[in-house]
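Trainee: need the 3D shape of this:
(one chain, ligands or ions: 1)
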Amino acid sequence: MNRVTIYPGTFDPITLGHVDVVERGLKLFDHVILAVASNPGKLPMFDLETRLAMVRETFAQHSNVTITGFNGLLVDLAHQYHATSILRGLRAASDFEYEFQMATMNRRLDADIETAFVMAREDYTFVSSRFIREISSMGGDVSTLVPSPVLKHLQKAFNQS
Ligand code: COA
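Mentor: Model prediction:
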């Protein structure tokens, strides 16, 4: 049986914390659909095309990871890809409330789709995309926290060489 899961997020930008979630997901599922939400309400720094490009470059060597953008309901996209679960990472107890609400709402929208949680690697529990954007905009070094393709996009965005 081909077990497909869908990992949604804004990925503004993707971090090594997100990559760790995908890698853990691949231990449980045969295929991960990484779904980059357009999410205009979050006013992303990078446009959807750039976020997709960073994710595609990051997983270029992974035949078991499919990248897609989306702007509709997650459960509809899950059906489109024959995914029977949603994959999410938990970094700390503070993530739980938001994740609980989202998982419960998705279950209300489609009772057939389960949400599976994996625990983030300890040394990435403090990483978030917002911190990456902030630190990078101030010239700080985020090279140990993001995949290398993201670095060049951050440097370009902040006019750093
Ligand atoms: N490592 C690093 N960072 C992580 C992380 C991890 N393991 N897990 C979460 N984060 C960070 C993200 O970087 C992001 O940081 P930021 O806010 O500082 O930028 C934050 O935690 C939460 O982002 P993310 O996990 O990407 O969630 P999101 O709120 O951006 O995305 C969607 C939420 C896209 C999954 C959700 O809005 C969705 O499904 N939308 C589609 C519409 C829909 O179906 N709505 C009903 C759903 S209930």
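Trainee: what parts of the chain come near the ligand?
Mentor: By Cβ under 6 Å from any ligand atom, the residues of the chain that approach the ligand are 8-10, 12, 15, 17-18, 21, 37, 39, 42, 73-74, 89, 91, 102, 105-106, 120, 124, 127-130. Backbone N, C-alpha and C define where each C-beta goes, glycine included.
Trainee: in strands only, show me those residues.
Mentor: Pro8, Gly9, Ala37, Gly89 (DSSP state E).
Trainee: let me see the ranges of the helices in this protein.
Mentor: Here the chain has its helices, by DSSP state H, at 16-28, 48-58, 74-80, 93-109, 129-137, 148-157.
Trainee: and the residue in the chain that the ligand sits nearest to, how far is that from Thr104?
Mentor: Taking Cβ to the nearest ligand atom as the measure, the chain has Gly17 as its residue closest to the ligand, at 2.2 Å. Taking Cβ to Cβ, to the nearest Å as the measure, Gly17 falls 23 Å from Thr104.
Trainee: over to Ile86?
Mentor: 12 Å.
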